[in-house]
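Engineer: Just a sequence and a predicted model for now, questions to come.
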Amino acid sequence: MARQCEYCGKRTEVGNQVTHRGLPKKQGGIGLRCTGRTKREFKPNIQRVAAVVGGRTTRVKVCTRCLKAGKVLKPSRGKLAAST
C-alpha cells in the first residue's frame, strides 16, 4: 500500500485546519472565534530502505520512528560483509 509503514502500519490520517480570528480575552478582546475548517492530511515520514526480511535483502517502506527504534534489521556492508 502507498505511504504506509510495513512494520507498524502507520499511514496518512485526515484532520482539520482550524482558522481563528479575533483578540484573546486576556489581551482585552472578546475571544477567538473559529472562522473556518479545512480538511488536511497528516502524512507520516516514510522512507524506502534496504532491510533483511526472512534472510534476504529487500526494499521496504518504513516510518522513521521504526527505523530509530531499531525494528528494522539493515544488511551489513563492506568487505567483512561479503566474507561472512
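Structural biologist: Perfect, I can see it now. The structure displayed is predicted, hence computed values, not measured ones. Residues are numbered from 1 along each chain as shown.
Engineer: Check the secondary structure at the closest residue in space to K71 that isn't next to it in sequence for me.
Structural biologist: Across the structure, with CB to CB, 6 or more residues apart in numbering as the measure, the residue nearest K71 apart from its sequence neighbours is Y7 (5.1 Å). (Glycine included, C-beta is placed from N, CA and C.) Per DSSP: H, G, I helix; E, B strand; the rest coil, the local secondary structure of Y7 is coil.
Engineer: What backbone torsions are found at Y7?
Structural biologist: Phi and psi for Y7, reported as degrees, to the nearest 10, are phi -100, psi -50.
Engineer: Show me what secondary structure element comes after whichever helix or strand G15 is part of.
Structural biologist: Taking DSSP states H and E as the criterion, the element that holds G15 is strand 13-21. The element immediately downstream of strand 13-21 (helix or strand, assigned by DSSP H and E) is strand 33-42.
Engineer: got the buried residues for that following strand?
Structural biologist: Under the neighbour-count criterion of 16 or more other CB atoms under 10 Å, strand 33-42 has nothing buried.
Engineer: distance between it and the chain's centre?
Structural biologist: Mean C-alpha position of strand 33-42 versus that of the full chain (CA atoms, centre = their mean, to the nearest Å) differs by 21 Å.
Engineer: packing partners for it?
Structural biologist: Using 3 or more CB pairs under 8 Å, 6 or more residues apart in numbering; DSSP states H and E as the contact definition, the elements that strand 33-42 packs against are strand 13-21.
Engineer: now the strand it packs on and strand 33-42, what's the angle there?
Structural biologist: What separates the directions of strand 13-21 and strand 33-42 is an angle of 150 degrees, with axes from the mean of the first three to the mean of the last three CA atoms, to 10 degrees.
Engineer: So what's the predicted local confidence for the most far-flung residue of the chain relative to its centre?
Structural biologist: For the chain, the largest distance from the centre (CA atoms, centre = their mean) belongs to G28, which lies 39.6 Å off. At G28, the model reports a pLDDT of 96.
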